[in-house]
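Peer 1: From the sequence below, what's the structure:
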Amino acid sequence: MAHPTALDELFVHQLPELLPRVAQPSTHWRESYFFDVHRPDASGDVVFLTMAHYPARQRMDSLQMGRIGGEPVIGLLDREYDGDPHTTDVGGARVEVVRPFEELRLYADPDRAAIGMDLTFRARTQPYGLRRGTMRAGEDIVWDQSHILQSGTYEGSYSYGGTTHEVDGWVGQRDHSWGIRDHSRCPLWLWFQIQFEDGFLGVWHWELPNGGRVFTDGCWAGVDRSDPVPVIDFHHELDWVGADGKPAAYGEHGDQVAGLAGVCTFMLAGGRAITVEATGTFDRPYEPFQRGGLNQMRVTADDGRTGSAIYEVTGARHHHFFPATVVDTILPS
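Peer 2: Reported below is the predicted structural model:
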């Protein structure tokens, strides 16, 4: 039986159930925040914070991860619901919505978290709601989620190994997603968030093992706060690269991968196309839990604009990015 929570007092329900219940019961149902924080020139340290809750497990957790001083870092904090599935605080880390879609505060206790954080996110664009996307393997739901994307700037500090680092005018993305996500069965997903001075260009894109497209959505959102323009088509020609800067095979666990490089093209509603050339470093591998991970990129658009980005390339098996991985479960086909 579900017990009412404080938020059940409000006019926020979308189905005839109490809020702790979800429409599609699944061990992979989650609602989460994801924040990336990097320098405007995409050089040096990069920090990520997540916050997620899992109705089937009755738990909430937070990842603090990144690369600091050239060292990959990751840590996990979690708590039981204990009657409160809504407060985004796991004890050693929390996310506070100061003003919805305008200002959020991220905090991680340096004595308990892998990376200490005291950061404020301030929006520089409108948020963009991606349409709901679904992927199946036979009768099983592998992916059924919605997302909100938004670009912003960060101020404050982060700490690691007893050293505190100041953050002033760093940039990055915030992502709010909810629904079913079985990472181990998604062949490939790309989450590219590109920060230019005048706005951000983002896409969320899934493919089958053979490269067949499943889903694409994203937008261009300007710092003038104009309405975001949807991405209606997307193409990528990217390769893993080794320490020598030459293309490298991912293999089973990405042991020879040092970065990512190549070109992608975004087609916007209304006919505008933007081609972006990028090169960067493989800063936060997901191994051994998943293949691929997060890459900090330096980008140049075909109109001469330059910027920075986070390219997330991950999945279970893909003919180009992960052709040699071993998969123990049935994937979408």
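
Peer 1: which residues are contacting the helix or strand S62 falls within?
Peer 2: S62 belongs to strand 59-68 when assigned by DSSP states H and E. By CB atoms under 8 Å, 6 or more residues apart in numbering, the residues outside strand 59-68 that reach it are 37, 45-54, 72-81, 85, 88, 90, 92-93, 108, 113-115, 117, 158, 160-161, 165, 281, 283-284, 296. To be clear about C-beta, it is placed using only N, CA and C from the backbone, and glycine gets the same treatment.

Peer 1: With stretch 274-285 instead?
Peer 2: So stretch 274-285 is contacted by 42, 46, 48, 65-67, 72, 74, 194, 201, 220, 238, 240-241, 254, 257-266, 268, 292-303, 309, 311 (CB under 8 Å, 6+ apart).

Peer 1: let's see it at 6 Å
Peer 2: For stretch 274-285, contacts defined as CB atoms under 6 Å, 6 or more residues apart in numbering pick out 46, 65, 67, 254, 257-261, 263-266, 293-302.

Peer 1: Ok, stretch 165-182 next?
Peer 2: Contacts for stretch 165-182 (CB under 6 Å, 6+ apart): 26, 28-29, 31-40, 121, 141-145, 147-151, 153-158, 193, 195.

Peer 1: hmm, back to that, adjacent strands (with direction) for the strand holding S62?
Peer 2: strand 46-54 (antiparallel), strand 71-80 (antiparallel) (DSSP bridges).

Peer 1: Now tabulate those in CSV and tack on mean neighbour count and mean pLDDT.
Peer 2: Conversion of those to CSV gives the following (neighbours: other CB atoms under 10 Å; pLDDT from 0 to 100):
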stretch, mean neighbour count, mean pLDDT
strand 46-54, 23, 98
strand 71-80, 15, 96
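
Peer 1: of those strands, which approaches L15 most closely?
Peer 2: With CB to CB as the criterion, L15 lies closest to strand 46-54 of the strands paired with strand 59-68, at 17.4 Å.

Peer 1: looking at it, G152 is touching Q126, isn't it?
Peer 2: No: with contact defined as CB atoms under 6 Å, G152 does not count as touching Q126 (11.2 Å).

Peer 1: Comparing these two, which residue is more hemmed in?
Peer 2: G152 (24 against 19; other CB atoms under 10 Å).

Peer 1: And stretch 296-306, how far out from the chain middle?
Peer 2: Here stretch 296-306 is found 20 Å from its chain centre; the criterion is CA atoms, centre = their mean, to the nearest Å.

Peer 1: who touches that stretch?
Peer 2: Stretch 296-306 is contacted from outside by 38, 42, 46, 194, 196, 274-278, 280-281, 283, 307, 309, 311, using CB under 6 Å, 6+ apart.

Peer 1: Can you tell me which of those residues are buried?
Peer 2: 38, 42, 46, 194, 196, 274, 276, 278, 280-281, 283, 307, 309, 311 (16 or more other CB atoms under 10 Å).

Peer 1: tell me which of those residues is nearest to P230?
Peer 2: Using CB to CB, I274 is the member of those that lies nearest P230, at 13.0 Å.

Peer 1: Could you report the pLDDT at that closest one?
Peer 2: Note for I274: predicted pLDDT of 98.

Peer 1: Tell me the spacing between it and R112.
Peer 2: Note on I274: its distance to R112, by CB to CB, to the nearest Å, is 42 Å.

Peer 1: Could you do A261 as well?
Peer 2: 37 Å.

Peer 1: of those two, who's got more company?
Peer 2: A261 (18 against 14).

Peer 1: Can you name the residues bridging to the more buried one?
Peer 2: D239, T279.

Peer 1: ok, it touching D244?
Peer 2: No: applying CB under 6 Å as the test, A261 and D244 come out as separate, 11.9 Å apart.

Peer 1: Output the longest strand belonging to the chain.
Peer 2: Longest strand in the chain, counting residues (DSSP state E): strand 140-160.

Peer 1: where does that one sit relative to the chain's centre, distance-wise?
Peer 2: With CA atoms, centre = their mean, you get 5 Å for strand 140-160.
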